[in-house]
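Asker: pasting the sequence and the predicted model now:
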Amino acid sequence: MNNSLRLIGTAAVIVILASLSGLASEYMLGIGFTLFMYIALAQSWIILSGMTGYISLGHVVFFGSGAYVFVLLWGLVPVWLGVAISGLVVGIGALMIGYPVLRVRGPYFVILSFGLAELVKNLVLINEARMYMSLRPVFGAPPLAQLYIAMLVLAVVATALTYWIRRSRFGAGLRSIREDEWAAETIGVPASRLKLIAFALSGLIPAMVGAIFIMRSGIFQPGDAFNPIVSFTIVTMAIIGGSDDAAGPLLGVAFLVILQELLWANWPEIYMIILGVLLIGFVLFAPGGILGWCSKNLSRSKKNAA
Amino acid sequence: MLLEINDVSKAFGGLIALQDINFAVEDGETLGIMGANGAGKTTLFSLIAGHAKPSQGKIILAGQQIDGMRPAQISALGVARTYQIVRPFRGLSVLENVAAGALYGSHQEKSMATANQMAHEILVDVGLDDRAGQPAGSLTLAGFKRLELAKALATGPKLLLLDEVMAGLTPSEVNQAIDIIESCKQKYNYTLIVIEHVMKALMRMCERIIVIHHGEMIAVGAPDQIAQDEAVIQAYLGAEK
């Protein structure tokens, strides 16, 4: 009963958000687009880093690679097929590099993930320079209303995926790897295989997000598509939201995107400062994020009431 | 024979941790391993469970050679071990810790609901069910030791390796622990190898005891034989002048 109500409620919210594509102003659609984009990215990050504890500081590598594959295909295949191929190519790429990359743990993985994103960025830069391409325009992309719907679909899929994994056998394996990989293998969790699948899943959706983003911005530039600030923003959102469940990123993203809109409009120069202060503040004073803080304080007030 | 250890040696660089270990364990047996700190007991468990490879020799489980396999593969074949220094999944609930064992291990249970049910049953067996919803990190030492046992049991072991599950417990907790281990053994029907410093526990539980000293096996036999063995007494108390 409770569950089916929640399902109906969720479906209603999605339908309303989708129907806004025909009604809302260009400005509002733009905010919605950004919101859905970061929801999809942060949920994907949770699948790898939230569940396995392998903190990725280079998630933009999937976003940028997806965008690059997509612009290379631009004009050669139908638009939405191109988006799907970008996801697939990057997912398969993640499977191929995942095995060696995921043998590195802890802070070394954090550094490696960041370095990997920078490496791929520079490879793309070199490749583009060799072809005398400093930027690639994307002409004739679908209108924003369509891109808005596409991004909504990715956000919903990413959220559903995180929600499902968190409650599945696969997720139980991933979370035990996060707590103690050695002990997880001892009880039969095939750690290398599960990590690899999580890594590939975690790259698939950001690649498609990158492809759609490029249609919105209308131009592909390696420096923008692989901008490390995207990685930092994803991590900050996930940490502010807290938890390894789907609700965390929803809160964190909503909070930060709204803040971003306010700041860009009024004080764009201090956005990065605010981001840093928030990250430090949350890590120091509310390491469980908004969700963790709420559940702690709510249970305390419940205890006080009783 | 469920388990055969054939001429197994293990060296870490120049340090010989185990040398020419030979023994076999029958189905349903309870075998004790004793020896001073650093004698190589835990190394032996690591070799059986796949966390280290023997430098020499073979380990055979129910006719299948298992040395060289990954720990997760060996777990799937029905070997479970606990850790002397406990390794709970601290951030997960007690129930989730145990359910993870049922979802993987040799059960490979596919349904979350069934795994949770199995976990609850095992938590009742080890006396931790009232803590099922708590984060594992909040348990006491005695609780951690029981959780180690519960996690191992949940994998559905044919062979259970218990590494000092009684170290650090009070005498009354030791008695409870022995009762739990013995009643679980009857219920789940596994073969047991225990490493223990608490002599009372070894004497009570084991049919045979192996003594390891400086990486070598110096005695095998029934508990009362071991208690009177010259080599063992020398190793433990020093030679009589």
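Answerer: Everything's here; your move.
Asker: buried ones in the helix or strand where residue B:115 lies?
Answerer: Secondary structure assignment for residue B:115, by DSSP states H and E: helix B:112-126. Along helix B:112-126, the positions that meet the burial threshold by neighbour count (16 or more other C-beta atoms under 10 Å in any protein chain shown) are B:112, B:115-116, B:118-119, B:122-123, B:125-126. (Glycine included, C-beta is placed from N, CA and C.)
Asker: list, out of those, those positioned next to chain A.
Answerer: The subset of these lying close to chain A, counting by C-beta under 8 Å from any C-beta of the partner chain, consists of B:112, B:115.
Asker: would you list the buried residues of helix B:112-126 in a markdown table and tack on distance to residue B:163?
Answerer: Formatted as a markdown table, the entries for the buried residues of helix B:112-126 read as follows, by distance: C-beta to C-beta, whole Å:
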| residue | distance to residue B:163 |
| --- | --- |
| B:112 | 29 |
| B:115 | 25 |
| B:116 | 27 |
| B:118 | 23 |
| B:119 | 22 |
| B:122 | 19 |
| B:123 | 21 |
| B:125 | 20 |
| B:126 | 16 |
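Asker: looking at the buried residues of helix B:112-126, which is nearest chain A?
Answerer: Distance ranking of the buried residues of helix B:112-126 against chain A, using C-beta to the nearest C-beta, places residue B:112 first at 6.4 Å.
Asker: so what's that closest one closest to, chain neighbours aside?
Answerer: Distances taken as C-beta to C-beta, 6 or more residues apart in numbering or on different chains place residue A:169 nearest to residue B:112, at 6.4 Å, with adjacent residues excluded.
Asker: in the helix or strand following the helix holding residue B:115, what counts as buried?
Answerer: Heading C-terminal from helix B:112-126, the first helix or strand you meet, by DSSP H and E, is helix B:141-154. Going by neighbour count (16+ other C-beta under 10 Å), the buried part of helix B:141-154 is B:142-154.
Asker: other SSEs contacting helix B:141-154?
Answerer: Secondary-structure packing of helix B:141-154 (3 or more C-beta pairs under 8 Å, 6 or more residues apart in numbering or on different chains; DSSP states H and E): strand B:79-81, helix B:94-103, helix B:112-126, strand B:159-163, helix B:171-188.
Asker: rank the ones you listed by mean pLDDT and give me the bottom one.
Answerer: Comparing the helices and strands packed on helix B:141-154 by mean pLDDT, the weakest confidence falls on helix B:171-188, with a mean of 92.
Asker: quickly find the element holding the closest residue to residue A:215 other than its chain neighbours.
Answerer: The shortest distance from residue A:215 to any residue other than its chain neighbours is 3.7 Å, reached at residue A:141 (C-beta to C-beta, 6+ apart). Using DSSP H and E, residue A:141 maps to neither a helix nor a strand.
Asker: and chain B, which residues reach chain A?
Answerer: The interface of chain B toward chain A, taken as C-beta under 8 Å from any C-beta, is made up of B:49, B:51, B:70-72, B:75-76, B:80-81, B:83, B:87-92, B:96-97, B:99-101, B:103-106, B:108-110, B:112, B:115, B:151-152, B:154-155.
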